[in-house]
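# whatever this is, show me its structure:
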Amino acid sequence: MATLRFQALKEASNRIPVKFDETDKKSTLFGSNVFNEKAMKQYLTSDAYKGVRDAVQHGTKIDRKLADYIAMGMKEWALSKGVTHYTHWFQPLTGATAEKHDAFFETSYDGSDPVEKFGGGQLVQQEPDASSFPNGGIRNTFEARGYTAWDPTSPAFIFGTTLCIPTVFISYTGEALDNKIPLLRALSAMDDAATDVCKYFDKNVKKVTATLGWEQEYFLVDSSLAQSRPDLMMTGRTLLGHTSAKGQQLDDHYFGSIPTRALTYMRDLEQECMLLGIPVKTRHNEVAPNQFELAPIFEETNLAVDHNCLLMDVMQKVAERHDFKVLFHEKPFKGVNGSGKHNNWSLATDTGVNLLSPSKTPMSNLQFLTFFINTIKAVHDYESLLRGSIATASNDHRLGANEAPPAIISVFIGEQLTKVLAELEGVTTGKLSPEEKTDLKLNVVGKIPDVLLDNTDRNRTSPFAFTGNKFEFRAVGSSANCSNAMTTLNTIVAKQLKDFKVAVDALIDSKGLKKDEAIFNVLREYIKVSKNILFEGDGYSDAWEKEAAKRGLSNFKTTPQALKARASKQALALFSEMGIMNHVEVEARYEIELEEYTKKIQIEGRVLGDIAKNHVIPTAIRYQNTLIENVKGLKEIFGKDFEKIAKEQIVLIKEISAHIEGINTKVEEMTEARRKANALTDAHKMADAYCEKVKPYFEIIREHCDKLELLVDDEIWTLTKYRELLFTK
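Take a look at the predicted model:
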């Protein structure tokens, strides 16, 4: 009984909810630790404040002298809140965030005259070691210079006693070494392209902002239970473990009463989020046991991505106070739902219009149709690239099962909008007759439902679904940085809108069509050529796989397959034309993502081999020896009749031996496959080898281990079981 598993269970069962102060209203707390408008007005001069606002709204460069005044005000604000250090907070190509803390405290060369110092130079730029982060060959190890540069569009914030300054990360030679720079470029391209198209409908539009509302799913596991599982601690998921007799089949966890400890954690987390200006609004139980979700109010995409990265860090730190381990892995437990991070995306003008929201007026609905159809066309043309943007080793486990969308990218728009597009497609080309114009404006455009009615159903098997006034990119994984998906989506839609304007202008200039007629003609052609991407049925069915293949849609079920699109000729041309990334930057990310995939599978293989041989087999042998002693005792008592009496024990001994042999054999074969894969020098061939030659052993080894879990005495099984991980509240 004195195993780590039972010690952990005892600790977990004795937990009591952590008490914390929750007296202030959320509206009072919101943004208290953010250098926002209110703080800037209080601590900055009028010129400094205007400099920051111009940089945020118009991209104006901040003068270094002005930066000194901004830094001075930011420092005084931070010191007033007990801050001692500052850091440039950035998003290297690890998928996580990074920070190096420096103290405000400085002295003169002889140690005298101590002072808190923070100038414009320290605010605007720092120099981390670029070679120590993934760079995909952009930087040599001996060429370490890389720079973080302040991003004023994302406000500085205080976490603990540290002032965190959101920054971009760029190499000495100018290439982007982070996830933020390509995203900012994509958002700028979207602004330009969408604003140009908006002027067909409203000359007053000067800016279009891409908005994002993510939904973060996660599991909570007691920290002691998590620490008793080497696989959870090392890989973020359980590499073995027999499914619990009770899982999610009764649907009794979904939207149910939130367990007390989990609710206390959520309340504490929400308070931290309020201080940091993260506008979290929704919390609830998800489908799987011990699975939960939180979601914020929509924000500008760059800020939303920063907030999600920050949130994931805050979630782990708050969890430590509550003796929880947060699991962001897309599939930490076999047999129950995985976790996603649905990215709800839309476009908003500076005049207050949601461009993806249907309306009741014909002109507004023409504008809606324009952005709606162009988005569909963009997804159609770049579906493989969009699939590649969410490809990771962990997301491979989730896609295609348990309410997660399949690996085939398709668009769901609902029955009513499908009919609208069908009617629009049926209009004749060229100039429209008065009857056709009236028919379009009254019968087609007028049939688009009011967004308040939300006439689109929810298809949980669709990776990209229209949900009333936004598109929901459901295929993004729970552990992902949203920037990859958002960079790709905003780039392909910006490119499509740019092409759309060229096509419409050509019809107006060369064919003499009126603006509305030209728009209708181009949209009609787009509907025709992009119909293959629309799908309303069951994305899990075999029939859809066959149908998707007929339609020419990609079906990349593994990350090495899907990542090829990230560095294809189409991708290189797209990112180059739109000014998002040059060829070096694109290919570097491709190399990094392949390497990350390989390393994750490599680590999982090593951990699985260790657990199987050093936990499972010794425990199985220990129980087998107990059975052998039992059989020996029966033989002594019953003599020649013992075989009949001990028949079941002997069968069990043989069964255990077979599984032990299976584990030993397959672990050795897997190790040899890993050795051969490691000898490869080409990154893609190595990733393919780990995917096709190493990873298949995981399930075989797991099956033997899981069978032994059912056979071996529960009292001596060392690994915490699924029923304990999932149902210990």
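# quick one, phi/psi of residue 105?
Residue 105 adopts backbone torsions of phi -70, psi 130, taken as degrees, to the nearest 10.
# so, low pLDDT: which residues of this structure?
Flagging of the chain using pLDDT under 70 yields the residue ranges 1-2, 108-113, 129-131, 138-145, 361-363, 400-404, 428-460.
# for the one helix or strand residue 562 maps to, enumerate the helices and strands it packs against.
When elements are assigned from DSSP states H and E, residue 562 belongs to helix 559-563. Packing partners of helix 559-563 (3 or more Cβ pairs under 8 Å, 6 or more residues apart in numbering; DSSP states H and E): helix 383-388, helix 583-611, helix 683-689. Heads up, the C-betas are built off the backbone N, CA and C, glycines and all.
# residue 233: neighbouring residues, count only.
With neighbours defined by other Cβ atoms under 10 Å, the count for residue 233 comes to 12.
# that one reaches residue 226, doesn't it?
Yes: using Cβ atoms under 8 Å, residue 233 is in contact with residue 226, at 6.5 Å.
# name the nearest residue to residue 385, ignoring sequence neighbours.
residue 565 (4.8 Å; Cβ to Cβ, 6 or more residues apart in numbering).
# who does the longest strand seen in the chain pair up with?
Secondary structure assigned by DSSP state E gives strand 208-222 as the longest strand of the chain. Strand 208-222 sits in its sheet next to strand 291-296 (antiparallel), strand 299-300 (antiparallel), strand 324-327 (antiparallel), strand 341-349 (antiparallel), going by DSSP bridges.
# can you give me how far the first one is from the chain middle?
From the chain centre to the centre of strand 291-296 is a distance of 13 Å (Cα atoms, centre = their mean, to the nearest Å).
# how about it: buried residues?
Buried residues in strand 291-296, counted by 16 or more other Cβ atoms under 10 Å: 291-296.
# again with stretch 566-585
Across stretch 566-585, burial judged by 16+ other Cβ under 10 Å covers 566-568, 571-572, 574-575, 578, 580-581, 584-585.
# same check, this time on stretch 597-605
Neighbour counts over stretch 597-605 (16+ other Cβ under 10 Å) mark 597-598, 600-602, 604-605 as buried.
# what is the nearest of those to residue 87?
Set against residue 87, the nearest of these by Cβ to Cβ is residue 600 (27.4 Å).
# burial count for the residue nearest to the closest one when sequence neighbours are not counted?
Nearest residue to residue 600, sequence neighbours excluded (Cβ to Cβ, 6+ apart): residue 393, at 4.2 Å. Number of residues near residue 393 (other Cβ under 10 Å) recorded here: 26.
# list the contacts of residue 393.
Contact analysis of residue 393 by Cβ atoms under 8 Å, 6 or more residues apart in numbering lists 559, 596-597, 600-601.
# how about CSV for the buried residues of strand 291-296, with distance to residue 655 added?
Converted to CSV, these look like this (distance: Cβ to Cβ, whole Å):
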residue, distance to residue 655
291, 34
292, 39
293, 41
294, 45
295, 48
296, 52
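# in those, find the pair that's most separated.
The span of those, defined through Cβ to Cβ, is set by 291 and 296 at 18.6 Å.
# can you verify my assumption that residue 339 contacts residue 398?
Yes: taking contacts as Cβ under 8 Å, residue 339 lies within contact range of residue 398: 7.4 Å.
# compare neighbour counts for the two and give me the winner.
A direct count of neighbours by other Cβ under 10 Å for residue 339 and residue 398 places residue 339 higher, at 27 against 24.
# quick check: that one vs residue 611, distance?
23 Å (Cβ to Cβ, to the nearest Å).
# and residue 357, by the same measure?
Distance of residue 357 to residue 611, computed by Cβ to Cβ: 51 Å.
# likewise residue 342?
Distance from residue 342 to residue 611, by Cβ to Cβ: 33 Å.
# before we move on, what about residue 528?
55 Å.
# which residue of these two possesses the greater neighbour count?
residue 611 (22 against 10).
# spit out the contact partners of that one.
By Cβ under 8 Å, 6+ apart, the contact list for residue 611 reads 230-231, 239-240, 705, 719.
# neighbour count added to those, as TSV?
Shown next, in TSV, are the contacts of residue 611 (neighbours: other Cβ atoms under 10 Å):
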residue	neighbour count
230	16
231	20
239	23
240	23
705	24
719	24
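# ok, so of those residues, who is nearest residue 463?
For the contacts of residue 611, the nearest to residue 463 is residue 239 (26.7 Å; Cβ to Cβ).
# element containing the residue most central in space within the chain, please.
Nearest to the mean C-alpha position of the chain, by Cα atoms, centre = their mean, lies residue 480 at 2.8 Å. When secondary structure is defined by DSSP H and E, residue 480 falls outside every helix and strand.
# show me the contacts for the closest residue to it other than its chain neighbours.
Using Cβ to Cβ, 6+ apart and skipping residues adjacent in sequence, the residue nearest residue 480 is residue 341, 5.9 Å away. Going by Cβ under 8 Å, 6+ apart, residue 341 touches 214-217, 308, 476-480, 482.
# where do the helices sit along the stretch 51-200 of the chain?
64-79, 120-124, 180-198 (DSSP state H, counting those that start in this stretch).
# tell me which of those lies nearest to residue 694.
Closest among these, using Cβ to Cβ: helix 180-198, at 31.2 Å.
# if I look at the closest residue in space to residue 535 that isn't next to it in sequence, how far off is residue 493?
Once flanking residues are discounted, residue 535 sits nearest to residue 410: 4.0 Å by Cβ to Cβ, 6+ apart. Using Cβ to Cβ, residue 410 is found at 17 Å from residue 493.
# just the CA atoms of stretch 350-361, as PDB, please.
Taking Å, rounded to 0.1, in the frame of the first residue of the first chain, the C-alpha atoms of stretch 350-361 are listed here in PDB:
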ATOM      1  CA  ASP A 350     -13.700  51.400 -37.400                       C
ATOM      2  CA  THR A 351     -17.300  52.500 -38.100                       C
ATOM      3  CA  GLY A 352     -18.600  49.700 -35.800                       C
ATOM      4  CA  VAL A 353     -19.700  47.200 -38.400                       C
ATOM      5  CA  ASN A 354     -19.100  43.400 -38.100                       C
ATOM      6  CA  LEU A 355     -18.400  42.500 -41.700                       C
ATOM      7  CA  LEU A 356     -19.400  38.900 -41.200                       C
ATOM      8  CA  SER A 357     -22.800  39.700 -39.600                       C
ATOM      9  CA  PRO A 358     -25.800  39.400 -41.900                       C
ATOM     10  CA  SER A 359     -28.200  42.400 -42.000                       C
ATOM     11  CA  LYS A 360     -31.700  43.300 -43.100                       C
ATOM     12  CA  THR A 361     -30.700  45.900 -45.700                       C
END
